[in-house]
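In: just the structure for this:
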Amino acid sequence: MGRIRQSICYGCFVRNGVTLEQVIEKAVALGYQSIEMAPRNAWGKIKDAGLEIAIVGGHGTLTNGLNKRENHDRIENELKANIDTAVEWGIPSLIAFSGNRDGLPDDEGIEICAEGLARVVPYAEEKGVTICMELLNSKVNHPDYQCDHTAWGVELCRRVNSPRFKLLYDIYHMQIMEGDLIRTITENIHYIGHFHTAGNPGRRDLDDAQEIYYPAVMRAIAGTDYDGFVGHEFVPKEDPLAAMEAAFRTCDVEA
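Out: Below you'll find the predicted structure:
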C-alpha cells in the first residue's frame with residue numbers, strides 16, 4: 001500500500017500555448033512520475049527530466065482491432081516493433097484495442113482477440129513489456145467498441161493467461177458503462193495494468209462539477225498491491241498547468 005504513482009497524458013496538457021517544457025517543469029515540481037502517450041520527438045526531453053513514459057500506443061486503429069483475424073498479421077508486426085521500441089526507451093506498457101463489434105458476438109470477440117494476442121504475448125513476456133487492452137465506453141465516445149465492460153476484458157485476460165497482458169482501466173469510461181467503480185477495481189486489480197482518469201460527464205477536470213469522487217477511488221487503488229500508474233487523460237477546462245496541480249492534489253492519497 002502507498003501513494004498513487006501519477007502520470008499525465010501529453011496531449012491533454014501540452015495545449016493552448018502551454019509548452020512541453022512548462023509541463024515537464026510543473027510535473028517534476030508537483031511530484032508526477034510520468035508523462036505518457038507523448039509523440040516520439042518528446043521522449044528524450046521527458047526522460048532527461050527524470051520522468052518515466054508509463055505507456056504509449058501499441059498498434060494503430062482503435063476501431064479496427066484484434067477482434068478481426070484479418071488484422072492479426074498487421075497488429076502482430078506493429079506490437080512486436082513497438083515492444084522493441086519500448087525496451088529501448090524503458091517504457092513498461094503498450095496500449096491495445098479490441099476494435100468495434102461490427103456484429104461480432106462478444107464470446108467470439110474474446111476468442112479471436114485471444115488468438116491474436118497468443119501470437120504476441122510470448123514476445124512481450126520475453127522482453128518484459130505489458131500489453132494493456134483499453135476499456136472504453138460504447139455509449140458516448142466509442143460506439144460499438146467491443147471491450148466496453150470489465151467482465152469482457154477480465155475474461156480475455158483469463159484466456160490469454162499471461163502476466164504481460166492486462167487491462168487499461170479507464171475510470172471515466174467505466175463509470176459511464178457500469179459504475180460500481182471501487183468494487184470492480186478492487187475485485188479485479190490483478191488484471192489491471194494501467195488506469196486513466198477524467199471527470200464524468202464531459203471528460204473534464206476531476207472537480208466537484210462531475211460525479212466521480214476520485215479521492216475514494218484512489219484510496220481504494222492505493223489499498224491494493226497495485227504498483228502501476230494512474231494517468232490523467234482529461235481535457236482541462238482552463239489553465240492546463242493549474243489543472244495538473246489540482247488533479248495531483250486530488251489523487252495524492254494514502255489507503
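In: every contact and neighbour count from this point should use C-alpha atoms.
Out: Will do.
In: for the stretch 51-200 of the chain, which segments are assigned as strands?
Out: Using DSSP state E, counting those that start in this stretch, the strands of the stretch 51-200 of the chain run over 55-57, 93-96, 130-134, 165-170, 192-197.
In: please name the strands paired to the fourth one in the sheet, noting orientation.
Out: So the one you mean is strand 165-170. Strands that pair with strand 165-170, judged by DSSP bridges, come out as strand 130-134 (parallel), strand 192-197 (parallel).
In: run through who's touching the shortest one.
Out: Okay, so that is strand 130-134. 58, 92-98, 121, 124, 147, 153, 163-170, 192-194 (C-alpha atoms under 8 Å, 6 or more residues apart in numbering).
In: so, low pLDDT: which residues of this protein?
Out: Along the chain, segments meeting pLDDT under 70 span 1-2.
In: quick one: the helices in it, in order.
Out: 10-13, 20-30, 43-48, 72-89, 106-118, 121-127, 150-160, 171-177, 181-187, 214-222, 240-251 (DSSP state H).
In: to Leu66, which of those helices lies closest?
Out: Comparing the helices of the chain by their distance to Leu66 (C-alpha to C-alpha), the top pick is helix 106-118, with 5.0 Å.
In: may I see the buried residues of the closest one?
Out: 109-110, 112-118 (16 or more other C-alpha atoms under 10 Å).
In: any chance of the strands paired with strand 165-170 in JSON lines, with mean neighbour count and distance to Ser7 too?
Out: What follows is those, written out as JSON lines (neighbours: other C-alpha atoms under 10 Å; distance: least, C-alpha to C-alpha, whole Å):
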{"stretch": "strand 130-134", "mean neighbour count": "27", "distance to Ser7": "16"}
{"stretch": "strand 192-197", "mean neighbour count": "24", "distance to Ser7": "9"}
